[in-house]
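Undergrad: Provided below for reference: sequence and predicted model.
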Amino acid sequence: MKLRSIFIIVFVLAFALAGCGAKVRVKNENAAVPGRDKELYEQASNKAEKGRYDEARLLYNVVITTYPDSPFLPLAKLAIADSFYLEGGTSNLQQAVGGYKDFAQYFPTHPRICEVKHKIAQSYMRQMGAYNRDVSNAKQAEHQLKAAEQACRNSEVVQNLRNDLRDVQQVLGLHELDIARFYIDNRQAYKAGESRLRDIITNYPFFSYFDEALYRLGVSLIEQEQPEEATEYFTRLVRDYPNSEFSGKGKDYLEKLGKPIPAPSNDNPAPERPSFMGKFGLILGRNGLDISQDGVLLSKKGKEKEDVKDDVKPSEASNATGTRAIRASTRGAVATNQPDATPAPAAGQPTNGAGGAASGASAGQPAAPETKGAEPKKNDKKDPKKKKGFLGGIFR
């Protein structure tokens, strides 16, 4: 029994003494230091220029997490999204979409916000496959392009958005037409083909096979015994596409139905069709999309675009609302537009207390300048009476 008691006492004493040892402080290399954010950003930019995107993203993230009010924070977030976009591949492009959307959420008034929204759409466009395969990425790209076009009507990139939208809708139109051809030619399922053709005519007005869609929709309605509605589409075909290969067939149907043949409204040439090799390339997924391989901030070679970088200068970015928004989302609400100093009392108003002493001191001799936002330093000296450890309070 005594041996057991002695063992317990020795164990408790050893445990208590182990807690009395001084703690070894490990220096945090990522601690916030004035000017360090610029150094980290430049190091990350050098890594990105050499194609070492993983290492660059780690340094960019240090700037974001350690310096929430840094003027380089918007550029760091944009560079991370660009690095994924430059690497390419399905996984990286999905990461790029997330990065660009995150940037657009935190910096909705950034000078390059329209280019960021364009890159979101182009990230989906780079994942598009052949028209006769899954078109979910094409639909996502179309949605993003329409939203960007509506939000950036006065931007310089609006024409590029419209051009990309036509290219994406060309692929979507081919997808719908391919399904309609299958239903009508192979299954004689005219009702199913009709719904696909109506989608083309309603949603894709610049589709290069628009004339064929009009003709096939008219034929489908004839087969379903709806001649009056079919006449509308045959008339539109003959009037708007007089040089189309389907215009003559449309006239034949109008004559059989006893309807007047409209006069051509233009003399435009027949719509351009892809050549045999072009069609073969479309089947292989070569959609002929003109997609920029550069990011918004970083070029294909990893170099920063100076014109984009200069849009947000450090002196201006430090006062931007976006950096405040990020800090507020991670460290609680941050008061904005607050005065930095207490306003001076009105003329003739007496001052007393600490204020009077301070004014008297300032009249006699210049007061020492105070650092803006300075906080009183904590006393690092430890109380010698306090001892660490589980049972430290017993041994006094």
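TA: Looks like it arrived, so ask away. Note that the structure is a prediction, hence the values are computed from the model and not measured. Residues are numbered from 1 along each chain as shown.
Undergrad: tally of neighbours for F206?
TA: If you count neighbours by other Cβ atoms under 10 Å, F206 ends up with 12. For every residue, glycine as well, the C-beta is placed using N, CA and C.
Undergrad: OK, contacts around it?
TA: F206 is in contact with 166, 169-170, counting by Cβ atoms under 8 Å, 6 or more residues apart in numbering.
Undergrad: that one falls within a helix, correct?
TA: No. Per DSSP: H, G, I helix; E, B strand; the rest coil, F206 lies outside any helix segment and is coil.
Undergrad: which among the contacts of F206 gets closest to E232?
TA: Of all the contacts of F206, E232 sits closest to Q169, with 22.9 Å by Cβ to Cβ.
Undergrad: which one is that closest one nearest to, not counting chain neighbours?
TA: Y204 (4.6 Å; Cβ to Cβ, 6 or more residues apart in numbering).
Undergrad: the one you found: how many residues sit nearby?
TA: Residues near Y204, counting by other Cβ under 10 Å: 23.
Undergrad: host element of G250?
TA: Taking DSSP states H and E as the criterion, G250 maps to helix 247-257.
Undergrad: ok, back up a step: among the contacts of F206, name the buried ones.
TA: 169-170 (16 or more other Cβ atoms under 10 Å).
Undergrad: the residue nearest to Q127 when sequence neighbours are not counted and V33, how far apart?
TA: Excluding the flanking residues, the one nearest Q127 by Cβ to Cβ, 6+ apart is N137, at 4.3 Å. Look at N137 and V33: by Cβ to Cβ, to the nearest Å, they are 44 Å apart.
Undergrad: ok, these two, which is more surrounded?
TA: Neighbours were counted for N137 and for V33 using other Cβ under 10 Å; N137 has more, 19 against 12.
Undergrad: that one looks like it's in a strand, true?
TA: No. Going by three-state DSSP, the assignment for N137 is helix, not a strand.
Undergrad: touching, it and Q122? I think so.
TA: No. When contacts are counted by Cβ atoms under 8 Å, N137 is not listed as touching Q122 (11.2 Å).
Undergrad: angles on the backbone of the nearest residue to L284 once chain neighbours are set aside, please.
TA: Distances taken as Cβ to Cβ, 6+ apart place A130 nearest to L284, at 6.5 Å, with adjacent residues excluded. Dihedral angles of A130 (phi, psi; degrees, to the nearest 10) stand at phi -70, psi 150.
Undergrad: over to L298?
TA: phi -100, psi 140.
Undergrad: G285 too?
TA: With angles defined as degrees, to the nearest 10, G285 sits at phi 100, psi 10.
Undergrad: what is the neighbour count of it?
TA: Residues near G285, counting by other Cβ under 10 Å: 13.
Undergrad: need the contact list for it.
TA: 128-130, 133.
Undergrad: can you redo those as CSV with distance to P71?
TA: As requested, the contacts of G285 are exported to CSV (distance: Cβ to Cβ, whole Å):
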residue, distance to P71
M128, 37
G129, 41
A130, 45
R133, 45
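Undergrad: low-confidence bits of this structure, can you list those?
TA: 1-4, 7, 10, 14-31, 302, 306-307, 309-396 (pLDDT under 70).
Undergrad: residue nearest the middle of it, spatially speaking?
TA: Closest to where the C-alpha atoms of the chain average out (Cα atoms, centre = their mean) is Y100, at 1.9 Å.
Undergrad: got the contact list for the helix or strand that it is a member of?
TA: Here Y100 is covered by helix 90-106, with elements defined by DSSP H and E. Under the contact criterion Cβ under 8 Å, 6+ apart, helix 90-106 has outside partners 74, 77-78, 80-82, 84-85, 110, 113, 116-117, 119-120, 123-124, 126-127, 322, 325-326.
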